[in-house]
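Participant: okay, here's the prediction I keep looking at, along with the sequence it came from:
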Amino acid sequence: MKKLNLFLIIAFLLIGSGPLVAQSNTDLTGPWVLDVKTDMGSGTPTFDLKQDAEGKITGTYEGQLGETELKGSIKDETFHIEFSVQGNLVQYDGKVDNGVISGKVEIGTAATGTFTGKRKEQ
């Protein structure tokens, strides 16, 4: 009986801890290439991102609008990135799914659109 109880306790601990291991936070750190489509046109900007343990994002944007520093945050698989360029606040709101980022972009009041992105091959 003691062996059965010990077995059940160990099995419960192993099975019960499974979801804790699977719920790791998504890390966006590294270079990304995006495909952006807006009502003003399209482009392929890059992000070089760094994410800390609390989900704060910093990095750089480089694309048709120029090059600038960015900031943002991520919680679970949902993120927000923003930066100012040419007098416009640019905002990317999206999700991460299987290593691909996608969502909506707003370029001030000038344009709105969608984006997808993947890690840049090095």
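Facilitator: Noted; the coordinates are in hand.
Participant: Gly108 touches Val90, doesn't it?
Facilitator: Yes: with contact defined as CB atoms under 8 Å, Gly108 reaches Val90; the gap is 7.1 Å. Where you see a C-beta, it was placed from the backbone N, CA and C, and this is true even at glycine.
Participant: of these two, who's got more company?
Facilitator: Neighbour count, other CB atoms under 10 Å: between Gly108 and Val90, Val90 has more, with 22 against 14.
Participant: give the buried residues for the helix or strand hosting that one.
Facilitator: Element membership of Val90 [criterion: DSSP states H and E] is strand 88-97. Within strand 88-97, the residues that count as buried by 16 or more other CB atoms under 10 Å are 90-92, 94, 96.
Participant: repeat that for stretch 28-48.
Facilitator: For stretch 28-48, a neighbour-count test (16+ other CB under 10 Å) marks 28, 32, 34, 36, 38, 45-47 as buried.
Participant: contacting residues for Leu28?
Facilitator: Residues near Leu28 by CB atoms under 8 Å, 6 or more residues apart in numbering: 49, 51, 57, 74, 79, 96, 101.
Participant: same thing but at 6 Å, please
Facilitator: Leu28 is in contact with 49, 51, counting by CB atoms under 6 Å, 6 or more residues apart in numbering.
Participant: and for the one 10 residues further on?
Facilitator: Residues touching Thr38, when contacts are defined by CB under 6 Å, 6+ apart, comprise 111, 113.
Participant: check it and give its pLDDT.
Facilitator: Thr38 carries a pLDDT value of 97.
Participant: for Ile101, see how far away it is.
Facilitator: Going from Thr38 to Ile101 by CB to CB, to the nearest Å gives 16 Å.
Participant: do the same with Gln122
Facilitator: According to CB to CB, Gln122 stands 17 Å off from Ile101.
Participant: in terms of neighbours, single out the busier of the two.
Facilitator: Neighbour count, other CB under 10 Å: between Gln122 and Ile101, Ile101 has more, with 23 against 5.
Participant: and the furthest pair within the buried residues of strand 88-97?
Facilitator: Spanning the widest gap among the buried residues of strand 88-97 are Val90 and Val96, at 19.2 Å by CB to CB.
Participant: just the terminal-to-terminal distance for stretch 41-59.
Facilitator: With CA to CA, to the nearest Å applied, stretch 41-59 spans 24 Å between its terminal residues.
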